[in-house]
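Colleague: Provided below are the primary sequence and the corresponding predicted coordinates.
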Amino acid sequence: DATDFQEVCDQARRREYSKLMSYDQLKHVMIKDKGGAFYNFQEGDIDFAPTFKTIKGQYEAWDSHRLPAYTDRILWHSLRALNMIKLEHYFS
């Protein structure tokens, strides 16, 4: 279960990003919330680790009170007939 902090850390270390994305709230809204603000928006495949909140002054000491998350994401929407937007790169 990726809602457990240690499991999220382990999945990130194992580079199981697609498994982590299966729990992603924004992805679920983009797909399932018809009429919602982000419905039918697109995003490139995420193939990098989520952002971890660190403890100030401690290198690689993660704050276990906050689950890692994908932040500062790039979404786009285009009319299907035009489909003029093409993703070239999406990395962290």
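Modeller: Yep, it's here.

Colleague: and the most centrally placed residue in the chain, what are its phi and psi?
Modeller: In the chain, the centroid-proximal residue (C-alpha atoms, centre = their mean) is Y70; its distance is 3.7 Å. Y70 adopts backbone torsions of phi -90, psi 120, taken as degrees, to the nearest 10.

Colleague: show me the contacts for it.
Modeller: Applying C-beta atoms under 8 Å, 6 or more residues apart in numbering to Y70 gives the contacts M21, D24, L26, I46, P50, T51. In short, each C-beta sits where N, CA and C put it, glycine included.

Colleague: try it again at 7 Å.
Modeller: Applying C-beta atoms under 7 Å, 6 or more residues apart in numbering to Y70 gives the contacts D24, I46, P50.

Colleague: which residue, other than its chain neighbours, is closest to the last one?
Modeller: Taking C-beta to C-beta, 6 or more residues apart in numbering as the measure, P50 lies nearest to P68, with 3.9 Å between them; neighbours along the chain are not counted.

Colleague: my read is that that neighbour contacts V8, right?
Modeller: Yes. P68 lies in contact with V8 (C-beta atoms under 7 Å); the separation is 5.4 Å.
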